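K.L.:
Sequence plus the predicted model coming up.
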Amino acid sequence: MTRLSILGNIADFPQDAVAIWATGALVNPFYLLNDLHWAQSFAMPGKANRVYLREIEGTINQLRINSEIVDDPRIAGVINKVISSLEAFAIAAKEIREWQEIHVSKQVMSAHNKAVRVKGPLDPPWKDDEEFKNLLQKSSSAFSLYLDTLSESISVIRAITPIGLQKTLFEQLDRTEKQIPGARLILKIGYAEAIRRNSTKSDFLPAA
């Protein structure tokens, strides 16, 4: 039994519930960060970005609550690391959005959004602006920090998962773990180059 807050209920939960919660709270944010980082890189339309960011902030709040009450030191350790990386990513995401609101005119943003909807991901006209590039690098560094923790989170979840749940949960963890190298490659060489080389699995790249 492990003490956690799940869906607002603070109690001592059995290990199967703990493993499922940990997968949702520690591993599944990978897909949110992945999608939002993709959207930021191509300055995709902002509505989706706000949705992703709200979900990330909700996960951070959930993890903060549990960091204060969880009584399993293995889970506590990865929770605190995930919080740090998600907070850094959320800050960078907000700064990118604010920079674009200040420095990119509505007309230019609207034209880019229309082009993206028709043609798919396109580099924005301001992609070479040094401030914008620095903010994207800040976002990438936070994503990389999360990836460092993700492998550790997966190892902890495998260690605490009861035998009866292992087949189902381990398949989910394996799918995510297999995408970590592709994510690291993209952070190193960029989306456009990764697509050009066809050097990363198509199931890593988010849908346009």
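P.N.:
Sure, I can see it. Small disclaimer: the values here were computed from a predicted structure and weren't measured.
K.L.:
Contacts only, for the most centrally placed residue in the chain.
P.N.:
The chain has residue 33 as the residue nearest its centroid, 2.1 Å off, counting by CA atoms, centre = their mean. Going by CB atoms under 8 Å, 6 or more residues apart in numbering, residue 33 touches 56, 86, 89, 143, 146. Just so you know, the C-beta spots here come from the backbone N, C-alpha and C atoms, and that holds for glycine as well.
K.L.:
Not including adjacent chain positions, what is the nearest residue to the third one?
P.N.:
With sequence-adjacent residues excluded and distances taken as CB to CB, 6 or more residues apart in numbering, residue 89 is closest to residue 142, at 3.8 Å.
K.L.:
Next, count neighbours for the one you found.
P.N.:
Using other CB atoms under 10 Å, residue 142 has 22 other residues around it.
K.L.:
Starting from residue 165, give me the distance back to it.
P.N.:
Counting by CB to CB, to the nearest Å, the gap from residue 142 to residue 165 is 31 Å.
K.L.:
Likewise for residue 66?
P.N.:
20 Å.
K.L.:
and these two? which has more neighbours close in?
P.N.:
When residue 66 and residue 165 are compared for neighbours, residue 66 comes out ahead with 22 against 15, by other CB under 10 Å.
K.L.:
Residue 6 is in contact with residue 17, correct?
P.N.:
Yes. Residue 17 is in contact with residue 6 according to CB atoms under 8 Å; the separation is 6.7 Å.
K.L.:
for the protein, which spans come out with low pLDDT?
P.N.:
Across the chain, the ranges flagged by pLDDT under 70 are 46-48, 198-208.
K.L.:
for it, what spans make up the helices?
P.N.:
Ranges of helices in the chain, per DSSP state H, are 15-22, 29-41, 46-69, 73-103, 106-119, 130-160, 163-177, 180-189, 191-197.
K.L.:
Just the C-alphas of the shortest one, formatted as CSV.
P.N.:
The reference is to helix 191-197. Taking Å, rounded to 0.1, in the frame of the first residue of the first chain, the C-alpha atoms of helix 191-197 are listed here in CSV:
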residue,chain,number,x,y,z
TYR,A,191,12.4,18.2,-36.9
ALA,A,192,13.1,19.3,-40.5
GLU,A,193,16.4,17.5,-40.6
ALA,A,194,15.0,14.4,-39.0
ILE,A,195,12.2,14.2,-41.5
ARG,A,196,14.6,14.9,-44.4
ARG,A,197,16.9,12.0,-43.3
